Every structure is written in structure tokens, then in C-alpha cells.
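**Student:** What shape does this take:
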Amino acid sequence: MKAIISVTGKDSVGIIAKVSAVCATYNANITEITQSVLHEYFAMIMLCDISDLSVSFSTFSDKMTELGKASNLEIHAMHEDIFNSMHKI
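**Tutor:** Take a look at the predicted model:
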């Protein structure tokens, strides 16, 4: 099972570290990551293996949302199944 995590907002030191720390806390393994900084704006997409997630996906997603609010970022975690359903032609 996989999840897609997107992060957007004003750039600041430690964004990747904070998101990675939440992943590590709940045993989500980051398999791919891409990030860009456009002027002062940060954008990142992570692909995580959540096969061994130590909490429910809903709880994990809520923790990412909480981190986003605390960091003035938009952070969304989406299960691969929902992502694929949304992007079918």
C-alpha cells in the first residue's frame, strides 16, 4: 500500500525533516520524493510505502494535516487507491 503526501507553502528551514519525522514515527517508508522552491514558495510530493503503518491511515493523515497547520503549510496525505480513482480517465 502506498500514500501520496503533498506539501505546499512558504519555504522555511526543516520542512522535509518535519514531514519525514512524522513518517518515521508511524513507520511510513518514504520511497520517492520531489521538491522545488519557486522564489519563496515550497512544493513537495512524497510517495510512501504504508504497508507497515503503525496507526490507521486516517490517523496518519490527520497527523500530517495537524503538522501542516502548526507549520503554516498545506499538507495532504492521500491513499494510493483514492489518488488512482481520482485520476482515472
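**Student:** where do the helices sit along the chain?
**Tutor:** All helices of the chain, identified by DSSP state H, fall at 15-25, 57-70, 80-86.
**Student:** got the ones you listed as CSV, with mean pLDDT columns?
**Tutor:** Output for the helices of the chain, formatted as CSV (pLDDT from 0 to 100):
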stretch, mean pLDDT
helix 15-25, 98
helix 57-70, 98
helix 80-86, 74
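**Student:** Near the spatially closest residue to residue 48 that is not a sequence neighbour, how many residues? Count them for me, please.
**Tutor:** Spatial nearest neighbour of residue 48, chain neighbours left out: residue 28 (4.4 Å); criterion: C-beta to C-beta, 6 or more residues apart in numbering. For glycine as for every other residue, the C-beta is placed from the backbone atoms N, C-alpha and C. Using other C-beta atoms under 10 Å, residue 28 is surrounded by 27 other residues.
**Student:** try residue 2
**Tutor:** Residue 2 has 18 nearby residues by other C-beta under 10 Å.
**Student:** Could you measure from it over to residue 41?
**Tutor:** Using C-beta to C-beta, to the nearest Å, residue 2 is found at 26 Å from residue 41.
**Student:** cool, and residue 15?
**Tutor:** Remark: distance between residue 15 and residue 41 (C-beta to C-beta) = 11 Å.
**Student:** Give the residues shared as contacts by the two.
**Tutor:** residue 9 (C-beta atoms under 8 Å, 6 or more residues apart in numbering).
**Student:** Looking at these two, which one has more neighbours?
**Tutor:** Regarding residue 15 and residue 41, a neighbour count based on other C-beta under 10 Å identifies residue 15 as having more, with 20 against 11.
**Student:** Thanks a lot, see you next time.
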